[in-house]
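Peer 1: Kindly return the folded structure for what I paste below:
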Amino acid sequence: MLRLCNAASAGIVSRLWWTQNHNDPEIEICREHINLFIRDIIILNRNNKVSHRHIQKERRMNVYLPRSSSTRATEVPEPYSSHFISVVVPVFDEEGNVQLLCERLIAVLRDASFKFEIVAVNDGSRDRTPEELRAATEQYSELRVVNLRRNYGQTAAIMAGIDYAAGDVIVTIDADLQNDPRDIPLMIAKLNEGYDVVSGWRTDRKDAAIRRNFLSSMANRLISRISGVALNDYGCTLKAYRRDILAGVRLYGEMHRFIPIYASWMGAKIVEMPVRHHPRKFGKSKYGLERIFKVLLDLVVVKFLDRHLVKPIYVFGGFGLFSLFISAVSFFLMLYLKFFNQISMILTPLPLLSAMTFLIGFTSVLMGLIAEMLVRTYFESQQRTVYTVRGTINFDGPA
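Peer 2: Next comes the predicted model:
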């Protein structure tokens, strides 16, 4: 409508210029009406621009209307005030925590004026957790629930939550109420500073001193030293990620705690932030000492994928060449003892050692060649590259 008025005003202005050269009384009256009409259009244009700027400002601020005059919404700085945040919560036998967890998460996220969703992944719970989650979805529209067919473990549950999450920012948190939802806005503020991953650090951890805290501290030092990504608390589930950092990441075993390492491969900026930690009130911990051995084995896998994913022949071939070298040394030592010291071959273990190391070396080299073909098949079948690009400059289109 406003564009039609502008077009009409342009034609009327041309008519007004024509009437300025005539002194007819009727034309004089018409000229006055035209002037009033043009003034109204100018005022309408000015008001529309002010209203448009006001709407754009509200969109940038992305502030929900307060529920009461005494409650003021919290403005979130750019760039994440206008982004969608997904909170992923793996849940297993937490019937006593579900309702209270949802209440605390919803209260914190609403007060922070985020656009958000909560993706709760029921990891095959055997208590009333599924019923509690269903009841919570009827109360909170932001809550989504994914029910797995059986218990797959925390890593699989987090992976399912990431797959179903729609947010530009992914936040993971435990369902046992030991992590504090009030730390989530602080993590988002850290992301606003330009970081890609914000990892929680439980500086005042409320767990068993020896069985949990001491062993966890030793494991964190070992992981940091081997991986090259220095963090004080790999085991803290409370973390925040940019969505693009998690693109293409697949988690297996107990590898959810190694996501910062995967992110570092993508060139992510990682920061660690102290977070609150509370003692467990309901239910019991699902972790045991056997987790240590699983973590160590997963760390071997992570290190191998980091260093040798695109060149497995260096690992298998290197071990194979070393075995062949041992085989050759054993063989020539056996011949030396036979012909120069007159020691029979069957009196030493050298023939057996030479044969076994030769077979091991030859097999290792073949395994390296097969691994090379599998790696090429993996990348080429999925049209993946051995590199990742953060961005390009001065290109007309995607390369």
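Peer 1: pretty sure Leu251 contacts Ile259?
Peer 2: Yes: using C-beta atoms under 8 Å, Leu251 is in contact with Ile259, at 7.3 Å. Backbone N, C-alpha and C define where each C-beta goes, glycine included.
Peer 1: Quick check: can you list the domain ranges of the chain?
Peer 2: The chain is divided into the following domains under automatic domain parsing: 2-61, 80-307, 313-381.
Peer 1: which one of those domains is the most hemmed in?
Peer 2: domain 80-307 (a mean of 18; mean count of other C-beta atoms under 10 Å).
Peer 1: pLDDT (mean, whole number) over that one?
Peer 2: Mean pLDDT, computed over domain 80-307, is 87.
Peer 1: For that domain, what is the distance to the chain centroid?
Peer 2: 10 Å (C-alpha atoms, centre = their mean, to the nearest Å).
Peer 1: Kindly report the same for stretch 300-319.
Peer 2: Worked out by C-alpha atoms, centre = their mean, stretch 300-319 lies 25 Å from the chain centre.
Peer 1: And stretch 325-344, by the same measure?
Peer 2: Chain-centre distance of stretch 325-344: 58 Å, with C-alpha atoms, centre = their mean.
Peer 1: I'd like the average pLDDT over it.
Peer 2: Over the span of stretch 325-344, the pLDDT mean works out to 92.
Peer 1: Next: stretch 348-363.
Peer 2: Stretch 348-363 carries an average pLDDT of 95.
Peer 1: Over to stretch 372-392?
Peer 2: Stretch 372-392 comes out with an average pLDDT of 80.
Peer 1: Quick one: end-to-end distance for that stretch.
Peer 2: This stretch, stretch 372-392, spans 30 Å end to end (C-alpha to C-alpha, to the nearest Å).
Peer 1: Tell me the gap between it and the middle of its chain.
Peer 2: Counting by C-alpha atoms, centre = their mean, stretch 372-392 is centred 21 Å from the centre of its parent chain.
Peer 1: Please name every helix or strand in contact with the helix or strand encompassing Leu352.
Peer 2: Leu352 belongs to helix 350-381 when elements are defined using DSSP states H and E. Applying 3 or more C-beta pairs under 8 Å, 6 or more residues apart in numbering; DSSP states H and E, one finds that helix 350-381 contacts helix 313-340.
Peer 1: Helix 350-381 and the helix it packs on, what's the angle between them?
Peer 2: Orientation of helix 313-340 against helix 350-381 (axes from the mean of the first three to the mean of the last three C-alpha atoms, to 10 degrees) gives an angle of 160 degrees.
Peer 1: The stretch 51-200 of the chain: strands as residue ranges?
Peer 2: Remark: strands assigned in the stretch 51-200 of the chain by DSSP state E, counting those that start in this stretch are 84-91, 115-122, 143-147, 169-172, 197-202.
Peer 1: Format the ones you listed as CSV; extra columns: distance to Ala189.
Peer 2: Formatted as CSV, those follow (distance: least, C-beta to C-beta, whole Å):
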stretch, distance to Ala189
strand 84-91, 12
strand 115-122, 15
strand 143-147, 24
strand 169-172, 12
strand 197-202, 9
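Peer 1: Relative to Leu369, which of those strands is closest?
Peer 2: Closest to Leu369 of the strands of the stretch 51-200 of the chain is strand 197-202 (C-beta to C-beta; 36.5 Å).
Peer 1: For the closest one, name the packing helices and strands.
Peer 2: Applying 3+ C-beta pairs under 8 Å, 6+ apart, one finds that strand 197-202 makes contact with helix 184-192, strand 239-242, helix 259-265, strand 270-275.
Peer 1: quick one: contacts of the helix or strand that comes right after the last one?
Peer 2: Beyond strand 270-275 on the C-terminal side, the first helix or strand identified by DSSP H and E is helix 290-308. The contact list for helix 290-308 (C-beta atoms under 8 Å, 6 or more residues apart in numbering) reads 215, 219, 222-223, 226-227, 253-255, 257-258, 261, 265, 314-315.
Peer 1: ok, now stretch 241-251?
Peer 2: Applying C-beta under 8 Å, 6+ apart, the contact partners of stretch 241-251 are 155-156, 158-159, 162, 167-172, 191, 196-198, 259, 262-263, 266, 268, 384.
Peer 1: returning to that earlier point: output the domains of the chain in TSV, with distance to Thr392 appended to each entry.
Peer 2: Below are the domains of the chain laid out as TSV (distance: least, C-beta to C-beta, whole Å):
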stretch	distance to Thr392
domain 2-61	27
domain 80-307	14
domain 313-381	21
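Peer 1: ok, the closest residue to Ser364 other than its chain neighbours - contacts?
Peer 2: Spatial nearest neighbour of Ser364, excluding adjacent residues (C-beta to C-beta, 6 or more residues apart in numbering): Gly320 at 3.2 Å. Residues near Gly320 by C-beta under 8 Å, 6+ apart: 360-365, 367-368.
Peer 1: May I see these arranged in TSV, with distance to Leu100 as well?
Peer 2: As requested, these are exported to TSV (distance: C-beta to C-beta, whole Å):
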residue	distance to Leu100
Ile360	57
Gly361	60
Phe362	61
Thr363	57
Ser364	55
Val365	58
Met367	52
Gly368	54
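Peer 1: so Phe84 touches Ala165, yeah?
Peer 2: No: with contacts counted by C-beta under 8 Å, Phe84 stays clear of Ala165, the gap being 9.1 Å.
Peer 1: joint contacts of the two?
Peer 2: Glu117.
Peer 1: what's the spacing between the residue nearest in space to the middle of the chain and Asn192?
Peer 2: By C-alpha atoms, centre = their mean, the mean C-alpha position of the chain lies nearest to Tyr241, the distance being 3.8 Å. Using C-beta to C-beta, to the nearest Å, Tyr241 is found at 14 Å from Asn192.
Peer 1: likewise Gly200?
Peer 2: Taking C-beta to C-beta, one finds Gly200 at 17 Å from Asn192.
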